[in-house]
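Peer 1: build me a model from this:
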Amino acid sequence: MQQQVYELLSIGAHPDDVEVGTGGVLIDAGKRGYKCGVVILTQGEMGTGGTPEVRAREVRDAAEILGVDIVKTFDWGDTKLADSYEKRQALAAIIRKTRPRIILAPYPHIGHGRRQSHPDHVAAGVIAVNAAHLASLKKADIPGEPHLVERIFHYFLPPGVLPNFVVDITPHFETWIASLKAHQSQFLNPEKSKDYIESITAMARSFGQQVRCKYGQGFHAVEPIVVKDIMTLAECWSGE
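Peer 2: Sure thing, here's the model as predicted:
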């Protein structure tokens, strides 16, 4: 892979994860002039619908809609994803080459209940956090110059974990839905009884209601977010 710098890198366990959890944000960031890339850790071969080949095509179609680059798709085993030093090295090498300021990754701790965490999502979050740390170490046995990611924000929040910031994706809602529909084998599959698009839309409405916008995507920042001007925190409330 040639050197290519990205401001934002979104990491997902499965071929449709970054669209579901971060798609609206990727569209918004691209519209603001930021270069965005995605990394997918498995080929989604265990999904009810589609084959690895079909899902790879859907990823390409969705990426074109989102306006992002597919940086890398690994084959680390759908439902078998687990952290290892070798996986950290592989992802850290990509982080060094792409040099993102921000990484978006699934929440790295297990949840339980009716909306329990998918083990692959948790593993993806753990791998991302560990790889970002490894990428910053001067003596790490990986190619490229050390790079320190400024922030890692988590999506796919489990029960009991609330977002501590929400991105308004209302202006990009239709484009975001189009990117989801590009994954026809998952979200437009007549063999599936559940209306996944409606469920994902409902979650976006829920996040949006929390910050007085129509549609949002929520994230958890483990570390506090620095604010230069406290009045900027009131901007999104003005005129509502």
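
Peer 1: next up, the contacts around residue 186.
Peer 2: 16, 47, 48, 49, 50, 58, 192, 196 (Cβ atoms under 8 Å, 6 or more residues apart in numbering). C-beta: built from backbone N, CA, C; applies to glycine.

Peer 1: quick one, phi/psi of the last one?
Peer 2: Right, residue 196. Note on residue 196: backbone dihedrals following degrees, to the nearest 10 are phi -70, psi -40.

Peer 1: that one contacts residue 183, doesn't it?
Peer 2: No. Here residue 196 does not reach residue 183: they are 9.2 Å apart, not a contact under Cβ atoms under 8 Å.

Peer 1: neighbour count winner among these two?
Peer 2: residue 183 (26 against 16; other Cβ atoms under 10 Å).

Peer 1: and the more buried one, how far is that from residue 30?
Peer 2: Separation of residue 183 from residue 30 (Cβ to Cβ, to the nearest Å) stands at 19 Å.

Peer 1: swap in residue 18?
Peer 2: Residue 18 is 13 Å from residue 30, by Cβ to Cβ.

Peer 1: cool, and residue 9?
Peer 2: Going from residue 9 to residue 30 by Cβ to Cβ gives 13 Å.

Peer 1: what residues do the two have in common as contacts?
Peer 2: residue 36.

Peer 1: these two: which is more packed in?
Peer 2: More crowded of residue 9 and residue 30, by other Cβ under 10 Å: residue 9, with 29 against 17.

Peer 1: just say helix, strand or coil for the more buried one.
Peer 2: Following DSSP: H, G, I helix; E, B strand; the rest coil, residue 9 is assigned to strand.
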